[in-house]
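Enquirer: Got a sequence here, can you model it:
(one chain, ligands or ions: 1)
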Amino acid sequence: MEIVLIMSQEHKTLPKAEIEAVLKAENIPFEILNQYEGVLILDVPYECLKSLNMIGKRFSYTHEVCKLLIETDKVDLNSEIQKYSWKDLITKDYAVRIKRMDKTDKFDTSEVEWELGGIINNLVENIRVNLVDPSSFIRVIFIDNKILVTERLFKIDKKHFYNLKPHKRPFFYPGSMSPKLARCMVNLTGVKEGDLVLDPFCGTGGILIEAGIIGANVVGVDIDERMVEGTIKNLKYCGVKNYEVFKEDARKIKLPYKVNAVATDPPYGISASTGGEESKNLYAQSLITIEKLLTDEGKLCMATPHYMDIKGLIEETNFEIIEQHHIRMHKSLTRVITLFKKNI
Ligand SMILES: C[S@@+](CC[C@H](N)C(=O)[O-])C[C@H]1O[C@@H](n2cnc3c(N)ncnc32)[C@H](O)[C@@H]1O
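Expert: Sure, this is the predicted structure:
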């Protein structure tokens, strides 16, 4: 079955990487059929639809998941809509909504929605338009010269990312990561419900909250007691139950078990202190410890400033880089999100 994912356009590479990592983690087979700015078309077995609906909630940078009905262009749009058997699809009520991926493509979307809705209305008897909560939501996507006519399967609720912004949690400290990026980093590691995720520089617990919400068990470590207490407060507030948080130097962590993934945002020495240690040394030494704590198949996702020599940091370890994503924060800082695996 061909499905269309409408992705956030706030980053060029992270949304697609996140989708691929989550589908692989959740054992949903897929083939990438096509991709455009903000849109990914996948072939997914029909029987996986139910699981996709469940795991879709995990995505941070995907907005909607739709089933592809018609692939056409502006010239043939109306005739293709005429030809489609809407009777089989729409049984109760419906709405046609347009998504224009290229905002420079200027046209009156409500006029086109009205026109397409009118064609469909003439082809199906006893149905009505319901713009509030339609049982069939026809999403028509305009990208480049193409038009994808789809039926929306589900929309990903983003309220959580807004409601749990760092300053809205009981414990806040400057330098906290946005929940969206934290969720994406957790997703890139490919963890599943019940897995164990470690953040050895947990700060206010932003990464652990996101891992906990998708059902992982979490372990947080910070050298600062205030952060340990604050993380526990935040985890409780967010309803995360399976956690362990303690004070320790990330370079000295010892655990009686291995963790399935590590996602972390170590201090740059700007808003979060490195305790007087040069960040390069702190990172390199922590990576040696992290490698010992991680299972052989486990992945590490780490945020670093652009000036950090990442290849140099992993010289003393068996880590190898799988992928990297660059996020420009402001003129003088770009964050690099790197995904590592063990090379054994
Ligand atoms: C950038 S903050 C983490 C922010 C976190 N991702 C959040 O959303 O709140 C880095 C944290 O590392 C902690 N830290 C600094 N040196 C450390 C060390 N050697 N071991 C463990 N934690 C350390 C700091 O106390 C700080 O809370």
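Enquirer: Would you map the helices across the stretch 151-300 of the chain?
Expert: 159-163, 179-188, 206-213, 225-237, 279-293 (DSSP state H, counting those that start in this stretch).
Enquirer: ok, the first one near the ligand or not?
Expert: Read it as helix 159-163. No: Helix 159-163 does not reach the ligand (CB under 6 Å from any ligand atom); its nearest approach is 13.3 Å. Any C-beta I mention is one placed from the backbone N, CA and C, and that applies to glycine too.
Enquirer: Which neighbouring elements make contact with that helix?
Expert: If you count contacts as 3 or more CB pairs under 8 Å, 6 or more residues apart in numbering; DSSP states H and E, helix 159-163 packs onto helix 179-188.
Enquirer: picking that back up, as TSV, the helices of the stretch 151-300 of the chain with distance to K252, mean pLDDT and mean neighbour count would be great.
Expert: Shown next, in TSV, are the helices of the stretch 151-300 of the chain (distance: least, CB to CB, whole Å; pLDDT from 0 to 100; neighbours: other CB atoms under 10 Å):
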stretch	distance to K252	mean pLDDT	mean neighbour count
helix 159-163	34	93	12
helix 179-188	23	98	26
helix 206-213	19	98	27
helix 225-237	15	98	19
helix 279-293	7	95	19
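Enquirer: closest one to E64 among those?
Expert: For those, the distance to E64 is smallest for helix 159-163, at 15.1 Å, taking CB to CB.
Enquirer: Restricting to C-alpha, output that closest one in PDB.
Expert: Written as PDB, here are the backbone C-alpha positions of helix 159-163 (Å, rounded to 0.1, in the frame of the first residue of the first chain):
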ATOM      1  CA  LYS A 159       0.000  19.300  21.700                       C
ATOM      2  CA  HIS A 160       2.400  17.400  23.900                       C
ATOM      3  CA  PHE A 161       5.400  19.200  22.400                       C
ATOM      4  CA  TYR A 162       3.800  22.500  23.100                       C
ATOM      5  CA  ASN A 163       2.500  21.700  26.600                       C
END
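Enquirer: Spell out which parts of the stretch 201-344 of the chain neighbour the ligand.
Expert: Checking the stretch 201-344 of the chain against the ligand by CB under 6 Å from any ligand atom, the hits are 201, 203-204, 206-207, 221-224, 227, 249-250, 265-267, 272-275, 282.
Enquirer: Next, check these against the strands and list the overlap.
Expert: With DSSP state E as the criterion, strands contain 221-222 from among these.
Enquirer: Now list the buried members of the residues of the stretch 201-344 of the chain next to the ligand.
Expert: 201, 203-204, 206-207, 221-224, 227, 249-250, 265-267, 272, 274, 282 (16 or more other CB atoms under 10 Å).
Enquirer: all strands for the stretch 1-150 of the chain, in order.
Expert: 2-7, 31-36, 39-43, 62-73, 93-100, 128-129, 136-143, 146-155 (DSSP state E, counting those that start in this stretch).
Enquirer: Need those in CSV (columns: mean pLDDT).
Expert: Converted to CSV, those look like this (pLDDT from 0 to 100):
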stretch, mean pLDDT
strand 2-7, 98
strand 31-36, 96
strand 39-43, 98
strand 62-73, 97
strand 93-100, 96
strand 128-129, 90
strand 136-143, 96
strand 146-155, 97
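Enquirer: Redo those strands as CSV? Include distance to the ligand and mean neighbour count.
Expert: Converted to CSV, these look like this (distance: least, CB to the nearest ligand atom, whole Å; neighbours: other CB atoms under 10 Å):
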stretch, distance to the ligand, mean neighbour count
strand 2-7, 23, 22
strand 31-36, 30, 13
strand 39-43, 28, 19
strand 62-73, 22, 19
strand 93-100, 32, 19
strand 128-129, 44, 12
strand 136-143, 34, 21
strand 146-155, 27, 19
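Enquirer: Kindly present those as JSON lines, with separate columns for distance to S85.
Expert: Shown next, in JSON lines, are the strands of the stretch 1-150 of the chain (distance: least, CB to CB, whole Å):
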{"stretch": "strand 2-7", "distance to S85": "17"}
{"stretch": "strand 31-36", "distance to S85": "23"}
{"stretch": "strand 39-43", "distance to S85": "21"}
{"stretch": "strand 62-73", "distance to S85": "10"}
{"stretch": "strand 93-100", "distance to S85": "14"}
{"stretch": "strand 128-129", "distance to S85": "19"}
{"stretch": "strand 136-143", "distance to S85": "13"}
{"stretch": "strand 146-155", "distance to S85": "13"}
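Enquirer: Tell me which of those strands lies nearest to P166.
Expert: Using CB to CB, the nearest of these to P166 is strand 62-73, at 22.2 Å.
Enquirer: any idea what K341 is structurally, helix, strand or coil?
Expert: Look at K341: counting by DSSP: H, G, I helix; E, B strand; the rest coil, its state is strand.
Enquirer: Contact residues of the stretch 51-200 of the chain facing the ligand?
Expert: Residues of the stretch 51-200 of the chain that fall close to the ligand, judged by CB under 6 Å from any ligand atom: 175-177, 200.
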